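Asker: sequence first, then the predicted structure, then my questions.
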Amino acid sequence: MRFGTGLTPCYNKSALRTRIRRIQRRKIVSIVLVVAVLLFAVRVLLVRAGSPLQLAGPNLVANNNFAIDSDNNGIPDGWTTAFPDAKGIQRRKFTVTPGSGYSMYIAGVNNWLRSPLIDVRPGESYLVSLQALADNTEPNKQSPTQVELWFHWLDARGIDFNIDLSDRQTVPYRQWAAITATRQAPPRAAQLSISIHPLTDDRIVVDQFRLSQVGVHIGAWPNGKAAALAFSFDYETEMGGLIHTRSEDDPNATTDPQQRAQRMRAGADLILALFQREGVRGTFYTTGYNFLTGNRDGRVFMNNPTYTWATTDNRWATNYWQSHPWFSSDPHTDEQANPEWYFGSQVRRLYAAGQDIQSHTFAHFAGSYVGPDDWRADFAAWKAVAAEQEIAPATSLAFPWSSSAGMTAQSWQVLADNGIRSVTRTNWSQPRFALADRTTYALRPLPINKEITVIADEYVQPPQLPQLEARVAAAVANGGAIDLWAHTEETVSAAQQATWQALVHVAKQRCWIAPVPEIVAYHTTVRDLRVVVRSEQPQYVFQITNPDNTDLHGLTLTLPMQPKTVQIGGVRQAFTSNQLQLDLPAHHTVEVTLWPA
Ligand SMILES: [Zn+2]
């Protein structure tokens, strides 16, 4: 194939054009061929790199064998159904392997059984499998039916934004059959639950429910713990909610504020002693006067405001504070003379003992009534007095009187700008203002600003111990986080001490106990981790990267197989589990290799 060798002897324009066209055609054909070969090669590489992973790990959903029904309502803990009175739902002892616990019976075309939640990551695939059979007893109804499995994808706020249905699958009559489906988590997915739907009124029985991840699953909490639990306290001197007493959300509102302050102080020491015995750290939500060792100089805080909103209409006990400056009752003495007003030496002791000190506001004002300027003044005052005790600025805030209702976007922005990353004591009594998830205890981002996380709290009082245990069980069933709290004044009686002791023991069994900010930081960082599976065969090789500033300890991985040997960051060791725990410092990547045999 030559061209441009000069004019041909029989030169003529049309012959030359024909020849050029032929040559161009050949050229195009060869270019197309090369491109096709290249495309094929690229496609092969891409398919290799992105070939769907095959190996799925063990079950991840809590109570998947229906064994626990602690409230005895017929519905296993963590599971839900169309009808809360358990109509058409029963736990049965009729199982695939006789004597192996429970199966679930579901009756009614409009009935369903829905699993607890698991944490998921967008792009990862999840496999559900179960055994089912049709179980009508009437002689003329002994026939197979069909079921569907629904994948409910929830976003970080808990919104059920996508429901993905499986194919319809046949459930044979009186013969167990495997029902399975795999789906990939869509963008934004943070949690998943599966519901089981019979497509007729034929009664079905389901057993061996399993929900697993294809690949490596990263547990939400360290050291294989099912849930996270914080113990936290509203910790305030007489200048907190005691002198500014309000009836709402406070069983001691009518008690003498001086006695209450003495109990606040005594309780903080008792809790510290209990926590030190048990090796536990809590969060003390602290008001401004707690940091003072006195105020003989008559320092003025926040320009000593008068809050005209503090009226009986807004449920204050009197209208006194409507016309008196907020800090006007300061005796201007010191901690020795008036230990009810200043806790400076105690807060320093708590901090030195490793307890977490966070903000209950400086002023103990109501978030519902103040504006952004009040918040700015409050943060400035809190930071200043905390710094005098060498205590770090707060990253977490507990609203006085659970007064988050009515907070404006501007006020929330002031919280975020001042470094607040978690809030608690959010409104619980008016569902239209609710921010916290008190059903599954998932940490939720604040809708206006996802930098701020909302943890659900439960108020600890001795008569409520059984209900509190049930709330902890709900958090465990859904892999959530729960904050158990009271004022430090409510930790002093024998009954209160026994209750806190009992809760520490309950929590230690299945929960990671940590201060609120540490729970929130762990959760945020785990969400940001990146996992890349390099190969499944002959060794299973994957890398995990921590792109954040938080060191992760005891990171818990559920593996897609039970390896005989594991190599982490170059160190190889024998292994006998499908759960692996490792430390992953900030900005580190670790490579893990699993040898099946
Ligand atoms: Zn308070």
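Answerer: Yep, that arrived. It should be emphasised that the depicted structure is a prediction, and the values quoted were computed from it without experimental measurement.
Asker: tell me which element the residue nearest to residue 548 when sequence neighbours are not counted is part of?
Answerer: In this structure, residue 548 finds its nearest non-sequential neighbour in residue 525, 4.5 Å apart by CB to CB, 6 or more residues apart in numbering. Backbone N, C-alpha and C define where each C-beta goes, glycine included. Assessed by DSSP states H and E, residue 525 sits inside helix 516-528.
Asker: then that helix to CSV, C-alphas only?
Answerer: Only the C-alpha atoms of helix 516-528 are listed here, as CSV (Å, rounded to 0.1, in the frame of the first residue of the first chain):
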residue,chain,number,x,y,z
VAL,A,516,-21.1,11.0,73.4
PRO,A,517,-18.5,12.8,71.2
GLU,A,518,-16.4,9.7,70.9
ILE,A,519,-19.4,7.6,69.8
VAL,A,520,-20.3,10.2,67.2
ALA,A,521,-16.7,10.5,65.9
TYR,A,522,-16.4,6.7,65.6
HIS,A,523,-19.6,6.5,63.7
THR,A,524,-18.7,9.3,61.3
THR,A,525,-15.3,7.8,60.6
VAL,A,526,-16.6,4.3,60.0
ARG,A,527,-19.0,5.7,57.4
ASP,A,528,-16.1,7.4,55.6
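Asker: what lies in contact with it?
Answerer: 190, 218-222, 228, 230, 232, 283, 356, 358, 395-396, 421-422, 424, 443, 453, 455, 481, 483, 512, 514, 546-548, 550, 552, 555 (CB atoms under 8 Å, 6 or more residues apart in numbering).
Asker: spit out the contact partners of the residue of the stretch 451-597 of the chain found nearest the ion.
Answerer: When scored by CB to the ion, the stretch 451-597 of the chain has residue 487 as its residue closest to the ion, at 6.6 Å. Shown in contact with residue 487 (CB under 8 Å, 6+ apart): 233-236, 252, 264, 267.
Asker: now, which of these lie close to the ion?
Answerer: residue 234 (CB under 5 Å from the ion).
Asker: buried subset of the contacts of residue 487?
Answerer: Buried by 16 or more other CB atoms under 10 Å: 233-236, 252, 264, 267, out of the contacts of residue 487.
Asker: may I see the residues you listed arranged in CSV, with secondary structure and pLDDT as well?
Answerer: As requested, the buried ones among the contacts of residue 487 are exported to CSV (DSSP: H, G, I helix; E, B strand; the rest coil; pLDDT from 0 to 100):
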residue, secondary structure, pLDDT
233, strand, 98
234, strand, 98
235, strand, 98
236, coil, 97
252, coil, 69
264, helix, 97
267, helix, 98
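Asker: and the pLDDT for the residue nearest to residue 360 when sequence neighbours are not counted?
Answerer: Using CB to CB, 6+ apart and skipping the chain neighbours, the partner closest in space to residue 360 is residue 285 (3.8 Å). Residue 285 carries a pLDDT score of 98 in this model.
Asker: the one helix or strand residue 285 maps to and the ion, are they touching?
Answerer: Here residue 285 sits within strand 283-286, counting by DSSP H and E. No. Strand 283-286 lies out of reach of the ion by CB under 5 Å from the ion, never closer than 7.6 Å.
Asker: hang on, the earlier thing: and the very next helix or strand once past the helix holding residue 525, what does it pack against?
Answerer: Once helix 516-528 ends, the next helix or strand along the chain (criterion: DSSP H and E) is strand 530-535. Under the contact definition 3 or more CB pairs under 8 Å, 6 or more residues apart in numbering; DSSP states H and E, strand 530-535 sits against strand 540-546.
Asker: got the angle for the strand it packs on vs strand 530-535?
Answerer: On the basis of axes from the mean of the first three to the mean of the last three CA atoms, to 10 degrees, strand 540-546 is oriented at 160 degrees to strand 530-535.
Asker: now what about strand 540-546, what contacts it?
Answerer: So strand 540-546 is contacted by 55, 215-216, 218, 525, 528-535, 552, 555, 557, 559-561, 563, 584-594, 596 (CB under 8 Å, 6+ apart).
Asker: ok, 7 Å please
Answerer: 216, 525, 529-535, 552, 560-561, 584-594 (CB atoms under 7 Å, 6 or more residues apart in numbering).
Asker: any of those residues buried? List them.
Answerer: Buried among the contacts of strand 540-546 by 16+ other CB under 10 Å: 216, 525, 529, 531, 552, 560, 584, 590, 592-594.
Asker: Throw the residues you listed into a markdown table and include distance to the ion and pLDDT, thanks.
Answerer: Below are the buried ones among the contacts of strand 540-546 laid out as a markdown table (distance: CB to the ion, whole Å; pLDDT from 0 to 100):
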| residue | distance to the ion | pLDDT |
| --- | --- | --- |
| 216 | 44 | 95 |
| 525 | 30 | 97 |
| 529 | 36 | 96 |
| 531 | 42 | 94 |
| 552 | 33 | 98 |
| 560 | 48 | 92 |
| 584 | 37 | 97 |
| 590 | 43 | 96 |
| 592 | 46 | 96 |
| 593 | 52 | 96 |
| 594 | 51 | 96 |
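Asker: let me have the residues you listed in TSV, extended by distance to residue 389 and secondary structure.
Answerer: Shown next, in TSV, are the buried ones among the contacts of strand 540-546 (distance: CB to CB, whole Å; DSSP: H, G, I helix; E, B strand; the rest coil):
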residue	distance to residue 389	secondary structure
216	44	coil
525	29	helix
529	36	coil
531	42	strand
552	30	strand
560	50	coil
584	33	strand
590	39	strand
592	44	strand
593	49	strand
594	49	strand
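Asker: so what's the residue of the stretch 1-150 of the chain found nearest the ion up against?
Answerer: The stretch 1-150 of the chain approaches the ion most closely through residue 71 (31.4 Å), counting by CB to the ion. Residue 71 is in contact with residue 470, counting by CB under 7 Å, 6+ apart.
Asker: any idea how far it is from residue 596?
Answerer: 42 Å (CB to CB, to the nearest Å).
Asker: go on, residue 341?
Answerer: 67 Å.
Asker: pick out whichever of the two has more residues nearby.
Answerer: When neighbours are counted by other CB atoms under 10 Å, residue 341 comes out ahead of the other of residue 341 and residue 596, with 25 against 14.
Asker: helix/strand/coil for the more buried one?
Answerer: coil (DSSP: H, G, I helix; E, B strand; the rest coil).
Asker: many thanks, I have nothing further to ask.
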